[in-house]
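Peer 1: missing the sequence, but the structure's below:
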């Protein structure tokens, strides 16, 4: 028996087409991109309002670049080229950390708004000899060696050295290094240099684990730090922007006062500064990134003193992260709510000029994501071809145009999309029809009636 499959195949093809159909891409807003033609790659900095539309937990994968026909082009987060650096040697004093009794709260160590080290003795300071000192390099330094000033007397010390960027988190650099000064003249031993290696840091901690340190006897110690610093002018990074915010909410509690600052968008916050009111000269403010009513992340402490102008250039540096609500907590009352200055650097998207321009930036979607193109490898190849000074050409964004708006990013505002359920209903019904037709053909007797 020869079955007539010609009636079945067209319907099967239609069902396959329906099964692969999809709703058109839906994004919240789009931005026209202006870019001079002829470049091999373009980089665009995200404007502030992009962060108001980009889904926070999507990691900016809902930010895409499309060509004139609406097709996505190869794009991804731009990772800056390695900065250049130069050697630096700096002399710095050793700041004594007061000892404290066992089990008691130790001294409070923090930064002022200018970045200087502030040391306050603990509640139960003792008269014992100190064993810990802090050094401020005044700027981030990738350490290579530290040389202690002449000790002034015989000493044989064992020391540990740690490094920090914020005086809170310490990274070990050296353990059990020797610092020796014995005798004088031709037979003298004078070993006061310790080699270092580690990541860039501004602050260094010296702990004496063995021996009698001369600095503990009131002899002021100092060191010479040597290493490399990054050339700020050669950094491949977005310029830092500042938001000047007043508090959106204030709450007085038994433990002090909370000042809440709501950002206009969840930008990647990387630095904080504070401006006090005209009636206040000094304040200590603990900064907290509020996540919800029950959780918060301690960011650090800002200390404002009469000698630190409000326009200082040494803010509290943070690991950049998208944040939209920051709380300042003051144990002591202030006459006026302080203003919070939030520093942030825009993320950048790099894209390759595929297809035809003009290009557009689409932002904000609960369902659409940028494919994982090998964009880092492409940029690395272009850097190798163009040399160390090569950079992608700048593309700038124009005025935002709203597309689906909140419906694209907020499921609560989006009407139910019946497209997929209807397609599956049609698919299942069609499959049933195909199966019924096939069964009917199989049951049909051969010509001649067997």
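Peer 2: Arrived safely, thanks for sending. Just so you know, these numbers come straight off a predicted model, no measurement behind them.

Peer 1: parallel or antiparallel, list what pairs with the longest strand that the chain contains.
Peer 2: In the chain, with assignment by DSSP state E, the single longest strand is strand 256-275. Strand pairing for strand 256-275, using DSSP bridges, gives strand 249-253 (antiparallel), strand 316-330 (antiparallel), strand 339-345 (antiparallel).

Peer 1: looking at the ones you listed, which is buried most?
Peer 2: Compared across the strands paired with strand 256-275, strand 339-345 shows the largest average neighbour count, a mean of 20 (mean count of other Cβ atoms under 10 Å). (Glycine included, C-beta is placed from N, CA and C.)

Peer 1: in terms of secondary structure, what does the strand or helix carrying residue 384 contact?
Peer 2: Counting by DSSP states H and E, the element that carries residue 384 is helix 375-386. With contacts taken as 3 or more Cβ pairs under 8 Å, 6 or more residues apart in numbering; DSSP states H and E, helix 375-386 sits against strand 75-77, strand 348-351.

Peer 1: of the ones you listed, which is nearest residue 149?
Peer 2: strand 348-351 (45.0 Å; Cβ to Cβ).

Peer 1: does anything pack onto that closest one? Which helices or strands?
Peer 2: Applying 3+ Cβ pairs under 8 Å, 6+ apart, one finds that strand 348-351 contacts strand 42-45, strand 63-66, strand 75-77, helix 375-386.

Peer 1: now the element after it, going C-ward?
Peer 2: Taking DSSP H and E, what comes next after strand 348-351 is strand 360-363.

Peer 1: in its sheet, what does that next one sit against?
Peer 2: strand 29-34 (antiparallel), strand 63-66 (antiparallel).

Peer 1: got the buried residues for it?
Peer 2: Residues of strand 360-363 classed as buried by neighbour count (16 or more other Cβ atoms under 10 Å): 360-363.

Peer 1: likewise stretch 194-205?
Peer 2: 194, 196, 198, 200-205.

Peer 1: want to throw those into JSON lines with distance to residue 158 and pLDDT?
Peer 2: Listed next are the buried residues of stretch 194-205 as JSON lines, based on distance: Cβ to Cβ, whole Å; pLDDT from 0 to 100:
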{"residue": "194", "distance to residue 158": "11", "pLDDT": "96"}
{"residue": "196", "distance to residue 158": "16", "pLDDT": "95"}
{"residue": "198", "distance to residue 158": "19", "pLDDT": "90"}
{"residue": "200", "distance to residue 158": "26", "pLDDT": "92"}
{"residue": "201", "distance to residue 158": "22", "pLDDT": "94"}
{"residue": "202", "distance to residue 158": "25", "pLDDT": "94"}
{"residue": "203", "distance to residue 158": "21", "pLDDT": "96"}
{"residue": "204", "distance to residue 158": "17", "pLDDT": "97"}
{"residue": "205", "distance to residue 158": "15", "pLDDT": "96"}
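
Peer 1: restricted to strands, list those residues.
Peer 2: Reading strands off the buried residues of stretch 194-205 with DSSP E, I get 194, 201-205.

Peer 1: what's downstream of the helix holding residue 384, the next helix or strand?
Peer 2: strand 393-397.

Peer 1: show me what that next one is packed up against.
Peer 2: strand 29-34, strand 42-45.

Peer 1: for the helix or strand that comes right after that strand, packing partners?
Peer 2: Counting by DSSP H and E, the next helix or strand C-terminal to strand 393-397 is strand 401-402. With contacts taken as 3+ Cβ pairs under 8 Å, 6+ apart, strand 401-402 sits against strand 29-34.
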